[in-house]
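Peer 1: structure, please.
(2 chains)
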There are 2 protein chains.
Amino acid sequence: MMDLHILDHRLRVTSISKSGLEHFTHPLIKLIFLRNRTRCKFFSLTETPENFTLVLDEEGFKELQPSEHLQVESSTWLPLNVVSNGNVSSSSQAVGVTKIAKSVIAPLAQQHVSVFMLSTYQTDFILVREKDLSVVVSTLKEEFSIYQEVEGESVPVRCQDVTHNLQKNGKEAIQLTVHPVLIPPNQFCVMSLDPDTLPSIATTLIDVLFYSSSPKEDSPDQELDCIKFFSFSLIDGYISLVMDSEAQRQFPSDLLFTSSSGELWRMVRIGGQPLGFDECGIVAQISQPLADGDISAYYISTFSFDHALVPEEDIVSVMGMLQHHRKEAATC
Amino acid sequence: MMDLHILDHRLRVTSISKSGLEHFTHPLIKLIFLRNRTRCKFFSLTETPENFTLVLDEEGFKELQPSEHLQVESSTWLPLNVVSNGNVSSSSQAVGVTKIAKSVIAPLAQQHVSVFMLSTYQTDFILVREKDLSVVVSTLKEEFSIYQEVEGESVPVRCQDVTHNLQKNGKEAIQLTVHPVLIPPNQFCVMSLDPDTLPSIATTLIDVLFYSSSPKEDSPDQELDCIKFFSFSLIDGYISLVMDSEAQRQFPSDLLFTSSSGELWRMVRIGGQPLGFDECGIVAQISQPLADGDISAYYISTFSFDHALVPEEDIVSVMGMLQHHRKEAATC
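Peer 2: Numbering: from 1, shown residues only, chains lettered A, B, ... in the order given. Got it, this is the predicted structure:
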């Protein structure tokens, strides 16, 4: 039996407009680089073509001044984390969201619980709304031993206390909207960094995050159809970076590390229109076929769209699977 | 005969309010750390208890958005630099503003030319208003070979072209206002840094410049009566830093270097009320007695006050000199 941990972070999901980012340079640099000036323990910043998605705990959130450039999702979100014997579970060869597709993602979708996924180099966080917590616990208590982290201690959640009428209905309850997907040509890598060496890449990271929209004099034109996607997270002292190979070239090669296989990843970007936060089953729609094919995947939700990253060598079969899945959805 | 160079920078002198600095984090970090994103070649930022003084060329100035937090002196200023045989002149043992007190500072004061001084680790810049340039050339052409730097070339200034009626009057023309001076207990050091190692101190420098007003949890209370004074300049690729020994402790000791003597400096802060930009003779008032005593001094003008730095071992005799000078001024 695997463990599910409800982590001790109360999170806000926000977005900063492209043109508004410079107004947030001061608090963001503090949150990213000056650990002894802030109590923020959960910080994630993801640039997409639309905006910057910022997921952060309440200590981090209070650093942000209200602004016309800042959109805030109204809920408080809690991050869940699946572990087995203290390590990330490994019932298959695949890593990432694929491992939790059937045990977590699908059951929550069936209970109409919205999830916001945040995969990092280290683990996969499943964010659920605080108000949905009792449904989540009721839904997952058969499959998992559930613990709530309280000030560094893991306290077992007494599931008999949770009384919630789960929806008994099966597949027919989910009216899946089939969202268009986009597969840009960028190659991505998922990397980490010793937090003590973060100062060494500070100016490069600042350049990429805060100044990359203004053209650099010596940089070539962006490759056509490539999309801008860059994600940095600093969560409980662990750093994770997701960037494409062009951004990677700007960093010193000796400090960032990736998994031993050094895999490159391709992106499946989900959503032709901004997805919002209330629709359920979006992650399930993608992770289900990936789980069926045992294909590893990172999954990063942002304010407007969702993003799955799959191994480069699997992208053709993933495209096939998604098309097949779509046809099925369209005909039922 | 020494050379006087009129450097190829057209400068603006501005001030940012203490509470307004964070709104300028984005352009300032670009100007300090991202050399390939800007054409700015002359940048100096000095924090004093009142505000931040920013002296920068037109390329740098255009990065600053107009704001209630930004005050701009209306003139364009040109930096002058005294050199002898390509090196900084050395007619005495003393360094800094002391060397140019009698040859430059005093004659310009007599002609009612306002100067704004900016000493750095490398040299001393004498800023004069562009509109005063012909008076400056007329005043200094007897003592100096004057060159104007134009796109990297030194072009001799044909002084016979400059026709300007100098004021023939002597000492009596200068009605010196005797400004109060303050001598805080801080010990200062004047340092430099290889520009290629600037990224290594980026997070520390960002912390000191942009976040030091918010209390750090592990820092002790500021020593009583110490004043906040921190200066960073990046001029033609050379970095200069002036900071007190408390700030110095935050930087790695192996990257910043100071002169071989490793001297500590004490500050004479000039002005009980903000000095403005129109009064002449303020620098002369301080540098004259220092020159008489052959005491080295750095001199940094800021938006509100002037600051001379003298060797720690000379501070008692400097205090005596200034008192003597003041008494003379008061009785004449």
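
Peer 1: just the CA coordinates for the helix or strand harbouring A:P27, please, in PDB.
Peer 2: Element membership for A:P27, per DSSP states H and E: helix A:25-33. This file holds the C-alpha atoms of helix A:25-33, laid out as PDB (Å, rounded to 0.1, in the frame of the first residue of the first chain):
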ATOM      1  CA  THR A  25      11.000  41.900 -10.100                       C
ATOM      2  CA  HIS A  26      11.600  43.000  -6.600                       C
ATOM      3  CA  PRO A  27       9.500  40.400  -4.700                       C
ATOM      4  CA  LEU A  28      10.300  37.600  -7.200                       C
ATOM      5  CA  ILE A  29      14.100  38.000  -6.900                       C
ATOM      6  CA  LYS A  30      13.700  37.900  -3.100                       C
ATOM      7  CA  LEU A  31      11.600  34.700  -3.300                       C
ATOM      8  CA  ILE A  32      14.000  33.000  -5.700                       C
ATOM      9  CA  PHE A  33      17.400  34.000  -4.400                       C
END
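
Peer 1: against which helices or strands is that helix packed?
Peer 2: strand A:42-47, helix A:202-210, strand A:230-235, helix B:25-33, helix B:202-210 (3 or more C-beta pairs under 8 Å, 6 or more residues apart in numbering or on different chains; DSSP states H and E). Glycine gets a C-beta too; all of them are placed from N, C-alpha and C.

Peer 1: change it to 7 Å
Peer 2: Judged by 3 or more C-beta pairs under 7 Å, 6 or more residues apart in numbering or on different chains; DSSP states H and E, the packing partners of helix A:25-33 are strand A:42-47, helix A:202-210, helix B:25-33, helix B:202-210.

Peer 1: do you know which of these lies nearest A:F251?
Peer 2: helix A:202-210 (5.4 Å; C-beta to C-beta).

Peer 1: tell me if that closest one is near chain B.
Peer 2: Yes: among the residues of helix A:202-210, A:202-203, A:206-207, A:210 lie within reach of chain B under C-beta under 7 Å from any C-beta of the partner chain.

Peer 1: show the average pLDDT along that helix.
Peer 2: Averaged across helix A:202-210, the pLDDT comes to 96.

Peer 1: also stretch A:291-299?
Peer 2: 92.

Peer 1: cool, stretch A:266-286 as well?
Peer 2: pLDDT averaged over stretch A:266-286 gives 89.

Peer 1: now do it: distance from first to last residue.
Peer 2: End-to-end distance of stretch A:266-286 (C-alpha to C-alpha, to the nearest Å): 14 Å.

Peer 1: what does it contact?
Peer 2: For stretch A:266-286, contacts defined as C-beta atoms under 7 Å, 6 or more residues apart in numbering or on different chains pick out A:73, A:97, A:105-106, A:109, A:112-115, A:117, A:174, A:176-177, A:179-184, A:186-188, A:229, A:299, A:304-310, A:312, A:315, A:318.

Peer 1: what about A:S304, which SS state?
Peer 2: Following DSSP: H, G, I helix; E, B strand; the rest coil, the label given to A:S304 is coil.

Peer 1: and if you look at A:E63?
Peer 2: coil.

Peer 1: so where do the helices sit in chain A?
Peer 2: Assigned by DSSP state H, the helices in chain A fall at A:25-33, A:58-61, A:106-110, A:133-140, A:202-210, A:245-248, A:282-292, A:315-331.

Peer 1: confidence-wise, which of these is weakest overall?
Peer 2: Among the helices of chain A, helix A:315-331 scores lowest, at a mean of 82.

Peer 1: get me the contact residues on chain A for chain B.
Peer 2: A:22, A:25-26, A:29-30, A:33-34, A:36-37, A:199-200, A:202-203, A:206-207, A:210-211, A:214, A:216-218.

Peer 1: quick check: pLDDT value at A:F305.
Peer 2: Model confidence at A:F305 (pLDDT) stands at 93.

Peer 1: contacts only, for it.
Peer 2: Contacts of A:F305 by C-beta under 7 Å, 6+ apart are A:48, A:269-271, A:274-275.

Peer 1: not counting its neighbours along the chain, what's nearest the residue positioned nearest the centre of chain A?
Peer 2: Centroid check for chain A by C-alpha atoms, centre = their mean gives A:L118 as the closest residue, at 1.8 Å. Computed as C-beta to C-beta, 6 or more residues apart in numbering or on different chains, the closest residue to A:L118 that is not its neighbour in sequence is A:F125, at 4.4 Å.

Peer 1: and that neighbour, how many neighbours?
Peer 2: When neighbours are counted by other C-beta atoms under 10 Å in any protein chain shown, A:F125 registers 26.

Peer 1: contact partners for it?
Peer 2: Residues near A:F125 by C-beta under 7 Å, 6+ apart: A:79, A:81, A:118.

Peer 1: returning to what we had before: out of the residues of helix A:202-210 next to chain B, who has the most neighbours?
Peer 2: Going by other C-beta under 10 Å, A:I206 tops the residues of helix A:202-210 next to chain B with 24 neighbours.

Peer 1: so that one versus A:L28, what's the distance?
Peer 2: To A:L28, A:I206 is 9 Å away according to C-beta to C-beta, to the nearest Å.

Peer 1: check whether A:L133 really touches A:L78, as I assumed.
Peer 2: Yes: applying C-beta atoms under 7 Å as the test, A:L133 and A:L78 come out as touching, 6.4 Å apart.

Peer 1: have a look at those two and say which one is more surrounded.
Peer 2: A:L78 (22 against 18).

Peer 1: show me which residues of stretch A:183-193 are buried.
Peer 2: Across stretch A:183-193, burial judged by 16 or more other C-beta atoms under 10 Å in any protein chain shown covers A:184, A:186-193.

Peer 1: how far does that stretch stretch from start to finish?
Peer 2: For stretch A:183-193, the end-to-end distance is 28 Å (C-alpha to C-alpha).

Peer 1: what does it rub up against?
Peer 2: Contacts for stretch A:183-193 (C-beta under 7 Å, 6+ apart): A:121, A:201, A:223, A:225-227, A:229, A:239-245, A:248, A:255-258, A:264-269, A:298, A:309, A:312, A:315, A:319.

Peer 1: over to stretch A:230-238?
Peer 2: Here stretch A:230-238 makes contact (C-beta under 7 Å, 6+ apart) with A:32, A:41-47, A:120, A:122, A:195, A:205, A:208-209, A:240-243, A:247, A:300.

Peer 1: just the buried residues of those residues.
Peer 2: Among these, those classed as buried by 16+ other C-beta under 10 Å are A:32, A:41-47, A:120, A:205, A:208-209, A:240-243, A:247, A:300.

Peer 1: would you show me how to pick out the buried ones of the contacts of stretch A:183-193 in ChimeraX?
Peer 2: Buried members of the contacts of stretch A:183-193, defined by 16+ other C-beta under 10 Å, are picked up in ChimeraX with:
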select /A:121,201,229,239,240,241,242,243,244,248,256,264,265,266,267,268,269,298,309,315
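
Peer 1: who's in contact with the residue lying closest to A:S119 once chain neighbours are set aside?
Peer 2: Spatial nearest neighbour of A:S119, excluding adjacent residues (C-beta to C-beta, 6+ apart): A:Y298 at 3.7 Å. Neighbouring residues of A:Y298 by C-beta under 7 Å, 6+ apart: A:96-97, A:119, A:190, A:265, A:309.

Peer 1: same thing but 10 Å
Peer 2: For A:Y298, the contacting residues are A:95-98, A:117-121, A:124, A:188, A:190, A:231, A:240, A:242, A:265, A:267, A:307-310, by C-beta atoms under 10 Å, 6 or more residues apart in numbering or on different chains.

Peer 1: if we can go back for a sec, of the residues of chain A next to chain B, buried ones?
Peer 2: A:22, A:25-26, A:29-30, A:33-34, A:37, A:199-200, A:202-203, A:206-207, A:210-211.

Peer 1: the residues you listed: which two are farthest apart?
Peer 2: Maximum distance among these (C-beta to C-beta): 24.1 Å, for A:E22 and A:S200.

Peer 1: for A:R158, grab the count of nearby residues.
Peer 2: There are 10 residues near A:R158, going by other C-beta under 10 Å.

Peer 1: likewise A:S253?
Peer 2: For A:S253, using other C-beta under 10 Å, the count is 8.
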